[in-house]
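Enquirer: Fold the following.
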Amino acid sequence: MSPLKYHSGQLAIQTEASTLLVAEQLARWVGPVGEFASGADLILLAAAETDSTLSFRVLSGAPPLVEPLKGPNGLRLRFPYDLIAPPAAPAFYGGLVISLANARRARINGKLVRGNDSAELEPTETFTLCKKYIAPSLALEDQPHSGPVAREPITLGDAWLSDLLEKAETAFFASISPDGKPDVAHRGGPPGFLQLEAARKSLTWNEYVGDGVFKSAGNLRATNIMTLLVPDFNTGDGVELIGRGEYKNLRTDRKQRLDPLVQHREDFPVQGVITCKVERVVRLHGLLHPRQRLEQALKITSRSTPWQQAPQ
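Expert: The predicted structure is shown next:
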């Protein structure tokens, strides 16, 4: 797999945050992608629609949801191709495989192609990520499921939406690069970290200190295109908040950061802020299996040691 190549949006934010050296180091990082994919009970796929907006498809069920293919990190999804991809399927998908219970996640971006009896993901980018900010939860059902089963436009004043965002600890952030390659990232924080001002059609959240690559924030800086997926683990539904976003860096250091994982005194040190002008809201019925929050499980944050934060 070729090293990551950063575009102007990502390089600009890395420069602001003094993480150019860290980002260059991580450009060649891969990690145990196959192992993480085999243990994932959620697979999130994002693709660009004909109007350039990003939409999600979520695969859930007991692992393994994938089988390894020959070649570096290729995956056969245990779902029929037609169940995942629309008739006019785009070439590239942003993919995230994740086990919320074990705080293991990996990006797998690439081409989704039709196999003999299933969909296959041919990766162009793969790498594992740290364990930070993941709220541990466990699926309440095991059978393979592809969602959503239906999409319903709703308003920003919808009571279900307000209640969901007030309690949410988990979201998934889809962005797209200048050359049209989608990407999916996990976003987590304390309950209520997502702030919606319905009257202003404004969604904001703090971006906490991460690995210093700024892959998603850099995409947003370059294209402004985004969709935030917020799952409702109680019902198995979810919501897509679709719009145009901006990233503002708030943490600047004169010295170049040398390590991707740093222990802080705070659980959630703020790196920057994302503001989205919401253009459309879609409730996703039957998105995934309902999940139970594991209240006693350790939640890794920036106050955890670098060893605890590391992908393992």
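Enquirer: so who does the residue nearest the centre of the chain touch?
Expert: In the chain, the residue lying closest to the centroid (Cα atoms, centre = their mean) is residue 185, at 2.1 Å. Each residue near residue 185 by Cβ atoms under 8 Å, 6 or more residues apart in numbering is listed here: 96, 107, 172-173, 175, 215-216. C-beta coordinates here come from the backbone N, C-alpha and C atoms, glycine included.
Enquirer: Residue 188: neighbour count?
Expert: 21 (other Cβ atoms under 10 Å).
Enquirer: Name the nearest residue to it, ignoring sequence neighbours.
Expert: Counting by Cβ to Cβ, 6 or more residues apart in numbering, residue 133 is the residue found nearest to residue 188 once chain neighbours are left out, at 3.7 Å.
Enquirer: how about the one you found, what does it touch?
Expert: 186-189, 208, 268, 299-301.
Enquirer: now do residue 259
Expert: Residue 259 neighbours (Cβ under 8 Å, 6+ apart): 22, 306.
Enquirer: got the phi/psi numbers for it?
Expert: phi -120, psi 140 (degrees, to the nearest 10).
Enquirer: Quickly note the distance from it to residue 209.
Expert: 12 Å (Cβ to Cβ, to the nearest Å).
Enquirer: go on, residue 198?
Expert: 29 Å.
Enquirer: contact partners of stretch 45-52?
Expert: For stretch 45-52, contacts defined as Cβ under 8 Å, 6+ apart pick out 54-59, 84, 88-90, 92-95, 112, 174, 176, 180, 182-184, 225, 227.
Enquirer: Now, those residues that are in helices?
Expert: With DSSP state H as the criterion, helices contain residue 84 from among the contacts of stretch 45-52.
Enquirer: May I see the PyMOL selection of the buried members of the contacts of stretch 45-52?
Expert: Entered in PyMOL, the line below selects the buried ones among those, by 16 or more other Cβ atoms under 10 Å:
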select buried, resi 54+55+56+57+58+59+84+89+90+92+93+94+95+112+174+176+182+183+184+225+227
